[in-house]
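Student: Show me the folded form of this:
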Amino acid sequence: MRRLRSLVLALATILLAFVAVGCTSSRAQSDSKTIVFWNPFTGPDGTSMQKLVNEYNATKPEYPVKNISLTEGDMYAKIPTIVNSGRGIPDLQIVHVERIKDYVHNGILDTYDQYLSNYPNIKSSNYVQEAWNGGSYEGHRYGIPLDIHTFVMYYNKDLVAKYCPEALDDNIVTFDEIKAAGEKAKKDGITALGLTWWKPNYLSMLGQQGGELTKNGVDPTLNTEPAKNTLNFYKSLYAAGITSRDGQDPMQLFLTGKEIFHPEGIWMVNQIRESKIKFGLTNAPQVSADPKKMVNWSSSHQFVLLKQAKRNTAKTKATLKFINWVRTHSIHWAEAGQNPASQAITKNKAYQKMGQSFLLKSKTEQESLRIFDYRYNGYVADFLDRYALDPVFGKTSIEKYLKDMQSTVQDKIDAQITD
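Tutor: Numbers count the residues shown, from 1 in each chain. Reported below is the predicted structural model:
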């Protein structure tokens, strides 16, 4: 019995030591005068973010920034774990805006509310409205936007001149114009429209027809007439031979001069620029030529504060100093093909020459940017990415696809609420 008691005391001592080390480690990071900044920028955008961080640190701030880029999947997997453990939490974090609502409900984020009075220029009028709105939830500020990145449409200038020379007169290419060009081009073995990443293509057209992901903020509304119309429209284009085919690589078609229109993100501009084709950027394909009815699917990288039990006030204020500096020095981010969310970038002459800048140059274009920030957006995205173009390619019926999407998302929501 005495040996057992000694063993228990020894184990207790070791456990307390580990706890003490963990608390000391967490406290040491909190008290450190280095801002640990996590983000999912691991490609060329990571190089651009590092340039921004280096430039900021060159100003000799009291709290320099340590930039840590993680793969997106790993980063999002780590966030709930570190917040729940209270250890290793970064001082500043980038997340996609669509995650903010769910993170708030799960107790993962702190607000900026008490710190914003020290930075009066971090305000609505200095940011693209759609991106700024996405960082607010239930009257509190949880996110400050870095950018608003948009799914647009690249076009081959030579092929447009040959098959649809008037399509870009108003900078809006309608599906009807794409279909007319495709009818002329297919006899020459040219594809009119690439079927690219399905989620933004689908949501952009859904939004143009008045479709929503939810009406009450909780329950999904996915099996609707606008959804059926969207799928039927794409299916008819595919059946008419206007689009790329199942199994083809739309990007390769575009880069080799065999595709007129290629919907893609603005972040792909540098890759496309490396090809020899003459290209331009315009709005995503639209149902209507009315600029007030345009919808360009968008998302936003947002600076957030992961929840900490004892937040260091001085360091948190220093993170906002960095965020505010980025707001007026984001040209490097634009060079990565992104659209910074700061309105200040629109006055930069170098930015004004960049292809993606058209999206921020007018109020009408800015109002076309649509973020689908439904709390359970991730479940919708998982379904769209997994089953993608199956009903367009005839692998399943439109009715079954929409019924399955509605029930799958609802089941996942119900399971989360129950948990």
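Student: Kindly state the domain boundaries assigned to this protein.
Tutor: Listed domain ranges for the chain are 1-30, 32-148+301-353, 149-212+221-298 (source: automatic domain parsing).
Student: Tell me which of those domains lies nearest to I413.
Tutor: Each of these was scored for nearness to I413 using C-beta to C-beta, and the closest is domain 32-148+301-353 (10.5 Å). (Glycine included, C-beta is placed from N, CA and C.)
Student: How far does the closest one sit from its chain's centre?
Tutor: Remark: domain 32-148+301-353 is offset 13 Å from the chain centroid, using C-alpha atoms, centre = their mean, to the nearest Å.
Student: Report the rounded mean pLDDT for that domain.
Tutor: Per-region confidence: domain 32-148+301-353 scores 96 on mean pLDDT.
Student: Ok, stretch 154-174 next?
Tutor: Per-region confidence: stretch 154-174 scores 97 on mean pLDDT.
Student: can you list contacts of that stretch?
Tutor: 153, 177-178, 180-181, 184-185, 190, 192, 254, 257, 259-264, 268, 272, 277-283, 285-289, 291, 294, 358 (C-beta atoms under 8 Å, 6 or more residues apart in numbering).
Student: Can you say which of those are buried?
Tutor: Neighbour-count burial (16 or more other C-beta atoms under 10 Å) applied to those gives 153, 177-178, 180-181, 185, 190, 192, 254, 259-264, 268, 272, 277, 279, 281-283, 285-287, 291, 294, 358.
Student: how close does the residue nearest the centre of the chain sit to A381?
Tutor: Central residue of the chain (C-alpha atoms, centre = their mean): S299, 3.6 Å from the mean position. As for S299, its distance to A381 is 10 Å (criterion: C-beta to C-beta, to the nearest Å).
Student: Overlap of the contact sets of the two?
Tutor: Applying C-beta under 8 Å, 6+ apart, one finds that S299 and A381 are jointly contacted by E98.
Student: In contact with the nearest residue to H105 once chain neighbours are set aside: list those residues for me.
Tutor: Setting aside the residues directly before and after it, H105 is nearest to R375 in space (C-beta to C-beta, 6 or more residues apart in numbering), at 7.0 Å. Contacts for R375 (C-beta under 8 Å, 6+ apart) come out as K101, D102, H105, T214, G217, V218.
Student: taking the residues you listed one by one, which sit in helices?
Tutor: Of the contacts of R375, the ones assigned to helices by DSSP state H are K101, D102, H105.
Student: For these, which single residue is the most surrounded?
Tutor: Counting neighbours by other C-beta atoms under 10 Å, K101 comes out on top of the ones in helices among the contacts of R375 with 20 neighbours.
Student: which one is it nearest to, not counting chain neighbours?
Tutor: Leaving aside its chain neighbours, K101 sits nearest to R375 (4.1 Å; criterion: C-beta to C-beta, 6+ apart).
Student: sec struct for the residue nearest to H105, please.
Tutor: Counting by DSSP: H, G, I helix; E, B strand; the rest coil, the backbone at R375 sits in coil.
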